[in-house]
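1. Could you work out the structure for the sequence below:
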Amino acid sequence: MISIKKQGMERKIKPKKKNTRSIQLSEYFAFMLYNLCWSLAIPFLRTNSRIKDGFEQRLLKKELPEADLWIQAASAGEAYLAWIFVKHLKLTNSLISPLRILITSNTKQGIEILERAADDIMLSQKKKIIFISYFPFDKPAIMKKAVKKVCPKLMVLLETEIWPGLMMALKKRGCKIVIINGRLTLKSFNRYMLWQSICRRLSPDKIFAVSAQDTKRFSLLFGKEHVLTMPNMKFDSINGQSSAMDGKNHLNAFLPTGTPFIVLGSIRSEEEKQVQDIILHLLQKHPDIIIGLFPRHMHRIENWKKRLSSISIKWRLRSETDKSVSLGTVILWNVFGELGAAYETSTAAFVGGSLAPLGGQNFLEAAVCGVIPVIGPYWANFAWVGNEIFKQGLVISANNANAVADILEKKIKHPEQRDKVRKIAGSYIAERQGGTKTVCSYAEKILFPPCS
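-> Numbering: from 1, shown residues only. The predicted structure follows:
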């Protein structure tokens, strides 16, 4: 009811009522169309190399288990967050039966991470039973069957997992829905706003967004009464202290004492030519250095062998390196799990995925190891870290490969004080942790309501 005063008189205007039946019909036909689109698409999806894995599970040919908690983690990044979330979820002392948890993912890599997570958690936390499965296709008919079988008390969606078929089925069965670590790009926001009335009807019970901008977008889409802001859970997955501060880094066995060691980490195929130019520049200016080259994907090792040989650069494989390396050599890292140790030992470091519009790779790992990393201009995937990290000088962004090479060259001459960098980086991360505790507390209240 709106009151309008005019010349001493007051009249009341009733707001126009929306045609509820018209909205319901439009939603009904929208879901009919959505269901039809899935029916037409599924036969073709079987030929997709990324989707054919777990295809029978996606069609529910293999039934999902009953579970108290269902978590959807789209791919690798979300899978790690699901790992953190489940591991920190506290169980009430009065819990008699184990908590049954279903975690689903869309990708093979996500499934592999979740399987490791399940083994890790169930080994130490006996009252958590974890099931891993591919996420069913969001065809409303399939999701209705999936939700009926799982029947969770709580559905947790990680980051930007807005699935109409799933959410409608959950709503109809009265299941609680929460989005945690919520992110919503402008592109996705504009697309969802075309169906705002449907989104409002499917609104989660609570959305925990990771920034003020994300909070605003989710509020406009679902209603501000559903949205809160939380610290990004990804900060909880980063240790504020480095892993080899005792000085026993095993890489020292083949890196000559006092020799500058430059790490080029997480290099993507799209930026290889630019990184090659950086290597040439550094070795021409400083032939007495050693470079550690870490391709993001191992299958690029063969390509790098050819590249380096074609420009007469000495190289050797990390797997064949167990004694002192000669100066001016590029070590091609074909061994998993040693990037952190390499950052610990490095004089300077560049973090790839950032010289081409690929979104960047994790540069915080280098900072907590005591080296200020150099990155290119493309790091949108890590915008959650915040611009303050650049203002504090913990990361340096360069506009192009030439600028990256110049900065690395200066760092060879004037290395930073590692202990100081570690301390500042640790404080920066610690101040932004706590998101996992926030969302776990919310979930625990739903899963284990206090006895009345």
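
2. Test my guess that Ser75 contacts Ser105.
-> Yes - Ser75 is within contact range of Ser105, at 6.6 Å (criterion: CB atoms under 8 Å). (Glycine included, C-beta is placed from N, CA and C.)

3. Looking at those two now, which is surrounded by more residues?
-> Ser105 (27 against 18; other CB atoms under 10 Å).

4. Please tell me how far the more buried one sits from Leu251.
-> Distance of Ser105 to Leu251, computed by CB to CB, to the nearest Å: 33 Å.

5. List the contacts of the spatially closest residue to Ser188 that is not a sequence neighbour.
-> What sits nearest to Ser188 in space, not counting adjacent residues and going by CB to CB, 6 or more residues apart in numbering, is Thr160, at 6.1 Å. Applying CB atoms under 8 Å, 6 or more residues apart in numbering, we find Thr160 in contact with 182-185, 188.

6. Distance check, Pro136 against Cys175.
-> Pro136 sits 15 Å away from Cys175, going by CB to CB.

7. more neighbours, those two?
-> Using other CB under 10 Å as the criterion, Pro136 and Cys175 rank with Pro136 on top: 23 against 20.

8. does Ile262 sit in a helix, a strand or a coil?
-> Assigned by DSSP: H, G, I helix; E, B strand; the rest coil, the conformation of Ile262 is strand.

9. Near it, how many residues? Count them for me, please.
-> Neighbours around Ile262, by other CB under 10 Å: 25.

10. Can you tell me the number of residues neighbouring the closest residue to it other than its chain neighbours?
-> Spatial nearest neighbour of Ile262, excluding adjacent residues (CB to CB, 6+ apart): Ile291 at 4.9 Å. Ile291 is flanked by 25 other residues according to other CB under 10 Å.

11. Any idea what Ile291 is bridged to?
-> Here Ile291 sits in beta bridges with Ile262, Val330, as judged by DSSP bridges.

12. and the gap between it and Glu271?
-> Distance from Ile291 to Glu271, counting by CB to CB: 15 Å.

13. now Lys224
-> 41 Å.

14. cool, and Asn48?
-> Here the criterion is CB to CB. By it, Asn48 lies 27 Å from Glu271.

15. again with Phe137
-> Applying CB to CB, the value for Phe137 to Glu271 is 35 Å.

16. got a list of contacts for stretch 288-298?
-> Under the criterion CB under 8 Å, 6+ apart, residues 255-256, 259-269, 275, 279, 282-283, 301, 304, 318, 325, 327-334, 336, 339, 342, 346-347, 352-353, 361, 412 lie in contact with stretch 288-298.

17. what do you get if the cut-off is 6 Å, keeping everything else the same?
-> 259-268, 325, 327, 329-333, 339, 342 (CB atoms under 6 Å, 6 or more residues apart in numbering).

18. next one: stretch 40-48
-> Identification of contacts with stretch 40-48 by CB under 6 Å, 6+ apart yields 51-52, 55.
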